[in-house]
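Colleague: please find the sequence and the predicted model below.
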Amino acid sequence: MRETSVKPDRLQEMKEELVRMNDEISALKPVVRAQIATLPVFGEGQPRVEGVATLGMLDLALESFAASEMKGVDGRWTRVDQYVVTDLGSFSTVRAPDGHTFRCNVYSVPEEGGGVRCDPVGR
């Protein structure tokens, strides 16, 4: 909106609409976050880490889903149980309670959906 040919009154109207949208998103965040919190994470080892990564990335995506929020240089992170999920842009990491770290990527399967694949990072 900085370099635009929009008239000043329309530009102000657009800014006000962005504020309203951010307010609506802020009101929805606790509802969606509560729904995410009820999702179970099953399994042990790799399947558990991938479930934790999925919940963590959903939480981070929800948190950043506002036009006024910016991502920090060092990435954003959240806790899921005793795990730490960090969004580094092109991939995420999960640090397990035992200190092991996993590099996680989102993948897609055309016309089916997608998933998260996590691989251990060498120590």
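Modeller: Right, received. Where do you want to start?
Colleague: next, find the distance separating Glu112 from Arg10.
Modeller: Using Cβ to Cβ, to the nearest Å, Glu112 is found at 42 Å from Arg10. All C-beta spots, glycine's among them, are computed from the backbone N, C-alpha and C.
Colleague: more neighbours: the two, which one.
Modeller: Neighbour totals were compared for Glu112 and Arg10, and Arg10 leads with 10 against 7 (other Cβ atoms under 10 Å).
Colleague: pretty sure that one belongs to a strand, no?
Modeller: No - using DSSP: H, G, I helix; E, B strand; the rest coil, the secondary structure at Arg10 is helix, not a strand.
Colleague: so what pLDDT did it get?
Modeller: The model reports Arg10 with a pLDDT of 91.
Colleague: my guess is Cys62 meets Val31, correct?
Modeller: In this structure residue 62 is Leu, not Cys. No - with contact defined as Cβ atoms under 8 Å, Leu62 does not reach Val31; the gap is 10.1 Å.
Colleague: who has more neighbours, the two?
Modeller: Shown here are Leu62 and Val31; by other Cβ under 10 Å, Leu62 has more neighbours (18 against 9).
Colleague: measure how buried Ser64 is and give me the count.
Modeller: 12.
Colleague: and Asn86, backbone torsions?
Modeller: You called it Asn, but residue 86 is Thr. phi -120, psi 130 (degrees, to the nearest 10).
Colleague: what backbone torsions are found at the nearest residue to it once chain neighbours are set aside?
Modeller: Nearest in space to Thr86, with sequence neighbours left out and distances taken as Cβ to Cβ, 6 or more residues apart in numbering, is Trp77 at 4.2 Å. Torsion angles at Trp77 (phi, psi; degrees, to the nearest 10) stand at phi -140, psi 160.
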